[in-house]
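# give me a 3D structure for the following:
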Amino acid sequence: MRQYIEKILSFFWPEVCPFCQKACKKGICDTCRKRLESIRIKEPRCMRCGKQIRSMEKEYCYDCLHTHHYYDRGISLWLHREPVNQSIYQFKYHNQRRYGTIYAQEILYWYKDVIVSWHPDVIMPVPLHFRRKRKRGYNQARILAELIGTGTGIAVDSRHLIRRKYTNPQKILGHRQRKKNLKNAFAVKKDFVPVKTVLLIDDIYTTGSTIDAAAYVLKQRGVVNVYFLTISIGQGY
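Now for the predicted structure:
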């Protein structure tokens, strides 16, 4: 019965490439695969945010040299450019939850060993405020976190880190405004039992303000190491 239902669903909603929306049974079409390879983050990387840098002699990007971060280190898969930016927009705002499966598969292909080497005790998705989640219907970071948790065998904690402040969308703000916007935005529930290492999952890293704000409250509650992983990373500020 399940197979029959899946065949009917695939007829009305065929599998499509999440980057060009053309029918594609293998996930990512060949054309988009080539485009994605050109914007995949490669070495040399910033030793803090994971952004690609030009020189092997440098350890940190310009942003990280001029900003104090509360997180320890992070990585992202692609630059936040076409066709990734529009794909994430659909994933985030237009109920394309199935795109998360493709993103997770790519992340695990390239970064599973890195994730495991960080020895995270739990994976935590960056939470949405309940008003925004109610409007959207889901948290895209949680979808991604649960898929990565399944692929690595690492427990996912989507309950203890909460967003207690309803904030303006970060994308409309400058660097300083982003930090101010996120001040006291996150909290950790009282029954949280501190662990040594947490891996935060989100969709996009721009200036790091969101990850920093979440990392700060976790470390205030006894977490020693906070790493992050995102689908894409912007150009900074």
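
# any low-confidence regions in this protein?
Counting by pLDDT under 70, the ranges of the chain that qualify are 1-14, 166-181, 236-237.

# remind me, longest helix of it?
Ranked by number of residues, the top helix in the chain under DSSP state H is helix 99-117.

# mind listing what's buried in it?
Buried residues in helix 99-117, counted by 16 or more other C-beta atoms under 10 Å: Y99, G100, I102, Y103, A104, E106, I107, L108, Y111, I115. To be clear about C-beta, it is placed using only N, CA and C from the backbone, and glycine gets the same treatment.

# contact partners for R73?
M47, R48, C49, G50, W118, Y227, F228 (C-beta atoms under 8 Å, 6 or more residues apart in numbering).

# for I102, see how far away the third one is.
To I102, C49 is 24 Å away according to C-beta to C-beta, to the nearest Å.

# show me the helices in this protein, by range?
For the chain, the helices defined by DSSP H occupy 2-12, 30-39, 62-65, 84-93, 99-117, 130-136, 140-152, 175-181, 209-220.

# between the ones you listed, which one is nearest to F192?
Across the helices of the chain, F192 has its closest neighbour in helix 209-220 (8.7 Å, C-beta to C-beta).

# C-alpha coordinates for that closest one, CSV please?
Extracted in CSV, the C-alpha atoms of helix 209-220 (Å, rounded to 0.1, in the frame of the first residue of the first chain):
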residue,chain,number,x,y,z
SER,A,209,25.6,37.0,14.8
THR,A,210,22.9,34.3,15.1
ILE,A,211,25.4,31.5,15.8
ASP,A,212,27.3,33.7,18.3
ALA,A,213,24.1,34.6,20.2
ALA,A,214,23.2,30.9,20.5
ALA,A,215,26.7,29.9,21.4
TYR,A,216,26.9,32.5,24.1
VAL,A,217,23.9,31.3,26.1
LEU,A,218,25.0,27.6,25.7
LYS,A,219,28.5,28.5,27.1
GLN,A,220,26.9,30.5,29.9
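
# that older thread, nearest to L161, out of the helices of the chain?
Across the helices of the chain, closest to L161 is helix 209-220 (C-beta to C-beta), at 6.3 Å.

# what comes up buried for that closest one?
For helix 209-220, a neighbour-count test (16+ other C-beta under 10 Å) marks S209, T210, I211, D212, A213, A214, A215, Y216, V217, L218, K219 as buried.

# got it, and stretch 68-87?
Residues 69-80, 83-84, 87 are the ones in stretch 68-87 that count as buried (16+ other C-beta under 10 Å).

# now the longest helix of the chain and helix 30-39, what's the angle there?
On the basis of axes from the mean of the first three to the mean of the last three C-alpha atoms, to 10 degrees, helix 99-117 is oriented at 40 degrees to helix 30-39.
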